[in-house]
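S.K.: Predicted model follows, preceded by the sequence.
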Amino acid sequence: MIQRAIISGGGTGGHIFPAVSIAEALRRRYPEIDILFIGAEGRMEMQRVPQAGFPIRGLKIRGLDRKHLWRNVGVVRDFLRALISARDIIREFKPQIVIGVGGYASAPTLKAAQSLGIPTLIQEQNSYAGVTNKFLARRADKICVAYPDMERFFPKDKIVLTGNPIRPAIEHLKAERREALEHFGLPLDTERVVVVVGGSLGARSINESIGSRLKDWADSGVALIWQTGVAFEEKARELLAGYHFPVYSSAFIQRMDLAYTIADVVVSRAGASAISELCLLGKPTILVPSPNVAEDHQTKNALALSTRSAAILIPDKEAREELTPRAIALVKDATQCASLSEEIRKLALTSAADKIVDEVEALLSSKKE
């Protein structure tokens, strides 16, 4: 019986969604469980986690500054203070397990738990392990991963291939095509739809490629669902005012389940959660990895698919010129779409959150023996 658990990490939607999915899987199996999140003050998880129905405590912590190394004196100071705060929270809450999903808060939280002798489990979402999880791996009890061949980063005997937890509404997609078309205001006889998402904050290169080629989209006969992010929302609205074709544009798509229901092709950044969803749904995909992430892990995630002919990779610096024509060509090529769909589906790992809970149970049982 698991009575109390701490889950730590976040920073982006890509980390938050799996963390919440794990929490929901724990709650399904143990309805009386107390779950506490620990996040980083000022980061997205401090709003998103309470919205999902879970309490969260914040640590004052930030990431390493790789461009200005001298500034890391303050980063180290913040880490040490966060370590003390995390230890105090853990002593007060008394969890049986501490789970880290990456992000700034995971390092002090799991480090504190390890120093107190509390079992820890790492959930590594990417094909290239981040600094935080590599730092924590030596003393972690279990490491759940989403890609094979992760022995180059972690001790082999601790690794379990579970996949990335994804949102239940996506994993158990039930929406009807008519409902989805009506939701986005698209004609009911729409035949081809391209869904463009640039992550929770949008993506400049993707937005500029779409925005500068709206005539091509209007002439293509293809419907477009375009998530712009907040920074580009107004600009997109201005640009679209001069065109009349089936298009839905918004800063953020709340109902991704409906967007995926009608998507014939998806254009996306290469975050771990997005890729896991696309694999499960078998969507023909063009990936434009963000260049502004640690260790360029999105490019490595995208390569894990493109080298298996499971997705098309367009580097960020080439997106402005190549993205729109390639997306339009792909959605009209039924043979290539079918091939991409078949190959990406082979990489899907289902029920990841429940598998991670299985590992938590096995870990705690082994500690009692």
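M.R.: It's in.

S.K.: which residues are in contact with the least confident helix or strand in the chain by mean pLDDT?
M.R.: When the helices and strands of the chain are scored by mean pLDDT, DSSP states H and E, helix 168-171 comes last with a mean of 82. Helix 168-171 has contacts (CB atoms under 8 Å, 6 or more residues apart in numbering) with 21, 24, 256, 257, 260, 277, 280, 281, 350, 351. Bear in mind the C-beta positions are built from the backbone N, C-alpha and C, glycine included.

S.K.: neighbours around residue 7, how many?
M.R.: 30 (other CB atoms under 10 Å).

S.K.: so how far is stretch 37-53 off the chain centroid?
M.R.: 15 Å (CA atoms, centre = their mean, to the nearest Å).

S.K.: Which positions in that stretch come out as buried?
M.R.: Residues of stretch 37-53 classed as buried by neighbour count (16 or more other CB atoms under 10 Å): 37, 38, 39, 40, 43, 44, 45, 46, 48, 49, 52.

S.K.: Show the low-confidence segments of the stretch 1-150 of the chain, by residue range.
M.R.: 11-14, 63-74 (pLDDT under 70).

S.K.: again, only this time at 50
M.R.: Along the stretch 1-150 of the chain, segments meeting pLDDT under 50 are nowhere present.

S.K.: what about the helices in it?
M.R.: Using DSSP state H, counting those that start in this stretch, the helices of the stretch 1-150 of the chain run over 13-29, 45-51, 72-93, 106-115, 131-137.

S.K.: what do you get for the stretch 201-350 of the chain?
M.R.: 204-212, 214-220, 230-240, 256-262, 272-281, 297-306, 316-331, 334-345.

S.K.: hang on, the earlier thing: so which bits of the least confident helix or strand of the chain are buried?
M.R.: For helix 168-171, burial by neighbour count (16+ other CB under 10 Å) applies to 170, 171.

S.K.: Show me what the helix or strand following it is in contact with.
M.R.: Next helix or strand after helix 168-171 toward the C-terminus (DSSP states H and E): helix 177-183. The contact list for helix 177-183 (CB under 8 Å, 6+ apart) reads 187, 188, 190, 255, 258, 259, 261, 262.

S.K.: are any of those buried, and which?
M.R.: The buried subset of those - by 16+ other CB under 10 Å - is 190, 258, 259, 261, 262.

S.K.: Just the closest of these to residue 151, please.
M.R.: Nearest to residue 151 among the buried ones among the contacts of helix 177-183 is residue 259, at 36.2 Å by CB to CB.

S.K.: With adjacent residues omitted, what lies nearest to the closest one?
M.R.: residue 195 (4.9 Å; CB to CB, 6 or more residues apart in numbering).

S.K.: Of all the helices of the stretch 1-150 of the chain, which one is nearest residue 157?
M.R.: That would be helix 131-137 among these, by CB to CB, at 11.5 Å.

S.K.: which residues sit in contact with the residue nearest to residue 89 when sequence neighbours are not counted?
M.R.: The spatially closest residue to residue 89, leaving aside those adjacent along the chain, is residue 57, at 5.5 Å (CB to CB, 6+ apart). Applying CB under 8 Å, 6+ apart to residue 57 gives the contacts 36, 37, 38, 39, 89.

S.K.: rerun at 7 Å
M.R.: Residue 57 makes contacts with 36, 38, 89, as judged by CB atoms under 7 Å, 6 or more residues apart in numbering.

S.K.: roughly how far apart are the first one and residue 105?
M.R.: Put plainly, it is residue 36. 12 Å (CB to CB, to the nearest Å).

S.K.: which one of these two has more residues nearby?
M.R.: residue 105 (32 against 21).

S.K.: Give the closest residue to residue 138 in space, chain neighbours not counted.
M.R.: Nearest non-adjacent residue to residue 138, counting by CB to CB, 6+ apart: residue 155, 7.5 Å away.

S.K.: Burial check on the one you found, number of neighbours?
M.R.: 11.

S.K.: Can you read off the pLDDT for residue 271?
M.R.: Predicted confidence (pLDDT) for residue 271: 89.

S.K.: got the phi/psi numbers for it?
M.R.: Note on residue 271: its backbone torsions stand at phi -70, psi 150 [degrees, to the nearest 10].

S.K.: Determine the number of other residues adjacent to it.
M.R.: 27.

S.K.: Verify the contact between it and residue 298 for me.
M.R.: Yes. In this structure, residue 271 is within contact of residue 298 by CB atoms under 7 Å, at 6.4 Å.
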